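Peer 1: Here is a sequence with its predicted model. Questions after.
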Amino acid sequence: MSRAPLSTACAALLRRDLTLAWRRRGDIVMPVLYALIVITLFPFALGPEDALLQRIAGGAVLVTMLLAMLLALDAMFRSDIDDGSLEQLILSPQPLALMLGMKILAHWITTALPLIVIAPLLAGMLHLPTAVMPVLVYALLLSTPLLSLLGAVLVALTAGSRRSGMLLALMLLPLCVPVVIFAAGAVAAAQQGLPWLAPIAWLGAALVMALVLAPLACAAALRIALDA
Amino acid sequence: MANWIPLWVHKLSSPPNFYRFAGTLRPWALAIALILGAIALYGGLVLAPADYQQGDAYRIIFIHVPCAWMSLFVYGVMAVASFISLVWRIKLADVVAMESAPIGAAFTFITLVTGSLWGKPMWGTWWTWDARLTSELVLLFLYLGVIGLYHSFEDRRQGARAAAFLAIIGIINVPIVHFSVNWWNTLHQGSTVRILGPSRISSAMLWPLLTMMAATKFYYIASLFGRVRTDLLAMESGKDWVRQIAETEGRR
Amino acid sequence: MSSFFAMGGYAMYVWPAYAVFFFVLVADYINPWVRRRRHLRELRARLARQAARQQRNPSAP
């Protein structure tokens, strides 16, 4: 069997994962609904006073996004582990890191993109000023892939174990603290009229590094977790 | 001369040899820890004068700072042992890494609690989100994550390797968290950046502090050796040397 | 002596701090010892069961 060109393999894997996700369209909606419900909890918990909600809007939306992605992360590799296709992927001649990068991309497209689309709506529900919305979207566009990439490494680590969602949260959240700090910091700076480009730039730099390193770490983690 | 070093170390990494080695050293390490600790406590609680700003409350420093240092030091040891375990597949490195985690978590917990108890009379608050305290809290979560991941695997060796990987990822995170919380504190003008501890420390306060730092190091060795011995017994329970130990203990 | 325990009025902060230090480290030190005794006890029980099984069927592995 001749080895397929790399771009074909990547495109094929991406198409496969997107098709599979599309077949379970209902699952794409779940994180969105979850984020919606959590955001509506904040006014109930804190009171409807506009000024207060406006102050917490950016942070609340970011934390909600993080939690929604956390819930969806668990499913990234599970179905492929269950039916054995992930092991086939590991054994295939294609570089595993690149293949996993494609899977992470597919997962981000189906999980994070819908969330980013409704993020302005969620932020508006908490009275985030309209001028700040673009900054929120930029922050999300940079931080959600970071979360997907970091999360993928950790999901790969737990691939062979009796997994609990709580354990994944415990492992992921400390690693996400810097991402949350910079993303929320950008939104807060924009809200105060301060320059917000620096934290966005930091996020961008971190994303570039994660794009290169995370798939490699993910491949190593999978090999550790699956080959006993 | 270079020849005998690897052989001695190599022999040590065999479980029954290390079991004996650790068993011999452990009581000594504990004795030194207790003696140094007693000296440090006497120096800190009795001999050192009260601080003119903080009164007697500053005496928490004699346990807070050594435990904070140990929480970072143990994580470093854990990360190095994890690296050795992943790269060279040495069983003993696995065990050292995994058994360091609870000790490190204990030190981190003590650091957070004693820091909080020190903060209340000094700054009027049990907690503040400055870089050091927040990084320490994240460090505790990292330890708990490593412990949790290790125990979630049925196969202990596989669990150790996965947790070792997580430990290495985590250590990269600690300076990043510290840096980002520092940045975050400068952004949010409300919180002030605090400097822990007296700014200039007199020698009467310094030597108990350093003595306690040494004492906690020896304690770490003593505790680690105890844990590693127990873990080796559990891991090698099918082997003869473990069987003999079990029978000897049973007859006693 | 009582002024030592009073710690200049900060006793309710200093002594709990030291107490936490001691208790956590003692718990950390004892934990492996407890586990070790349990391991060895279970190992002896397992060996006894194996020996009993050997006695009953000498040919069985």
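Peer 2: Alright, I've got the coordinates. Predicted, not measured: the structure shown is a model, and the values here were computed from it.

Peer 1: right, and B:P208 touches B:G37 too?
Peer 2: No: with contact defined as Cβ atoms under 8 Å, B:P208 does not reach B:G37; the gap is 10.1 Å. C-beta coordinates here come from the backbone N, C-alpha and C atoms, glycine included.

Peer 1: Number of residues surrounding residue 141?
Peer 2: Just so you know, I chose chain A. Counted with other Cβ atoms under 10 Å in any protein chain shown, residues neighbouring A:L141 total 17.

Peer 1: actually it's chain B I care about, not the one you picked
Peer 2: Taking other Cβ under 10 Å as the definition, B:F141 ends up with a neighbour count of 20.

Peer 1: List the buried residues of the helix or strand hosting it.
Peer 2: Secondary structure assignment for B:F141, by DSSP states H and E: helix B:131-151. Buried residues in helix B:131-151, counted by 16 or more other Cβ atoms under 10 Å in any protein chain shown: B:131-150.

Peer 1: Is that helix in proximity to chain A?
Peer 2: Yes: Helix B:131-151 is in contact with chain A by Cβ under 8 Å from any Cβ of the partner chain, via B:134, B:138, B:141-142, B:144-145, B:148-149.

Peer 1: which SS class is A:L128?
Peer 2: Following DSSP: H, G, I helix; E, B strand; the rest coil, the label given to A:L128 is coil.

Peer 1: Surely it touches A:A57?
Peer 2: Yes: counting by Cβ under 8 Å, A:A57 is a contact partner of A:L128 at 3.8 Å.

Peer 1: what's the residue closest to the geometric middle of chain A?
Peer 2: Nearest to the mean C-alpha position of chain A, counting by Cα atoms, centre = their mean, stands A:S148 at 3.5 Å.

Peer 1: so what pLDDT did that residue get?
Peer 2: A:S148 carries a pLDDT score of 94 in this model.

Peer 1: Setting the sequence-adjacent residues aside, check what's closest to it.
Peer 2: Of all residues not flanking A:S148 in the chain, A:W108 sits nearest, at 4.4 Å (Cβ to Cβ, 6 or more residues apart in numbering or on different chains).

Peer 1: ditto for B:A162
Peer 2: A:L157 (4.8 Å).

Peer 1: Pull the contacting residues for that neighbour.
Peer 2: By Cβ atoms under 8 Å, 6 or more residues apart in numbering or on different chains, the contact set of A:L157 is A:171, A:221, A:224-225, B:149, B:162, B:165-166.

Peer 1: Now a PyMOL select for only the buried ones of those.
Peer 2: What follows is the PyMOL syntax selecting those of the contacts of A:L157 that are buried according to 16+ other Cβ under 10 Å:
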select buried, (chain A and resi 171+221+224+225) or (chain B and resi 149+162+165+166)
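
Peer 1: Farthest pair within the contacts of A:L157?
Peer 2: A:M171 and A:I224 (14.4 Å; Cβ to Cβ).

Peer 1: Next, work out how far apart B:G119 and B:A204 are.
Peer 2: Separation of B:G119 from B:A204 (Cβ to Cβ, to the nearest Å): 24 Å.

Peer 1: got the phi/psi numbers for B:G55?
Peer 2: With angles defined as degrees, to the nearest 10, B:G55 sits at phi 70, psi -140.

Peer 1: Contact partners for the residue lying closest to it once chain neighbours are set aside?
Peer 2: Distances taken as Cβ to Cβ, 6+ apart put C:G8 closest to B:G55, at 4.2 Å, once the chain neighbours are dropped. Going by Cβ under 8 Å, 6+ apart, C:G8 touches B:50, B:55-57.

Peer 1: out of those residues, which are buried?
Peer 2: For these, buried by 16+ other Cβ under 10 Å: B:55-57.

Peer 1: Close to chain B: what parts of chain A are there?
Peer 2: A:153-154, A:157-158, A:160-164, A:167, A:170-171, A:173-175, A:177-178, A:181-182, A:185, A:188-189, A:194, A:199, A:217, A:220-221, A:224-225, A:228.

Peer 1: Just the ones of those in strands?
Peer 2: Judged by DSSP state E, strands contain none of the residues of chain A next to chain B.

Peer 1: any idea how far A:V29 lies from chain B?
Peer 2: 30 Å (Cβ to the nearest Cβ, to the nearest Å).

Peer 1: which residues touch that residue?
Peer 2: Residues in contact with A:V29, defined by Cβ under 8 Å, 6+ apart, are A:P114.

Peer 1: Can you tell me the element it falls in?
Peer 2: Under the assignment here (DSSP H and E), A:V29 is part of helix A:25-46.

Peer 1: what's the pLDDT at C:Q50?
Peer 2: Confidence score, pLDDT, at C:Q50: 89.

Peer 1: Packing partners of whichever strand or helix holds it?
Peer 2: In the assignment (DSSP H and E), C:Q50 maps to helix C:11-56. Applying 3 or more Cβ pairs under 8 Å, 6 or more residues apart in numbering or on different chains; DSSP states H and E, one finds that helix C:11-56 contacts helix B:61-88, helix B:91-123, helix B:203-235, helix B:240-251.

Peer 1: Chain A: which of these is closest?
Peer 2: helix B:61-88 (7.7 Å; Cβ to the nearest Cβ).

Peer 1: Any buried residues in that closest one, and which?
Peer 2: Per 16+ other Cβ under 10 Å, helix B:61-88 contains these buried residues: B:61-75, B:77-86.

Peer 1: what ranges do the helices span in chain A?
Peer 2: A:6-23, A:25-46, A:50-73, A:75-82, A:85-91, A:96-125, A:133-157, A:165-191, A:197-226 (DSSP state H).

Peer 1: Tell me which of those sits most buried.
Peer 2: The highest mean neighbour count among the helices of chain A, using mean count of other Cβ atoms under 10 Å in any protein chain shown, belongs to helix A:133-157: a mean of 23.

Peer 1: quick check: angle from the helix or strand bottoming out on mean pLDDT in chain A to helix A:133-157?
Peer 2: Lowest by mean pLDDT, DSSP states H and E among the helices and strands of chain A is helix A:75-82, with a mean of 84. Going by axes from the mean of the first three to the mean of the last three Cα atoms, to 10 degrees, helix A:75-82 is angled at 30 degrees with respect to helix A:133-157.

Peer 1: Can I get helix A:75-82 in PDB, CA atoms only?
Peer 2: Only the C-alpha atoms of helix A:75-82 are listed here, as PDB (Å, rounded to 0.1, in the frame of the first residue of the first chain):
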ATOM      1  CA  ALA A  75     -15.800  13.200  23.700                       C
ATOM      2  CA  MET A  76     -12.800  14.100  21.600                       C
ATOM      3  CA  PHE A  77     -11.200  10.700  21.400                       C
ATOM      4  CA  ARG A  78     -13.700   8.500  23.100                       C
ATOM      5  CA  SER A  79     -15.700   7.200  20.200                       C
ATOM      6  CA  ASP A  80     -12.500   6.500  18.300                       C
ATOM      7  CA  ILE A  81     -11.000   4.700  21.200                       C
ATOM      8  CA  ASP A  82     -14.100   2.600  21.600                       C
END
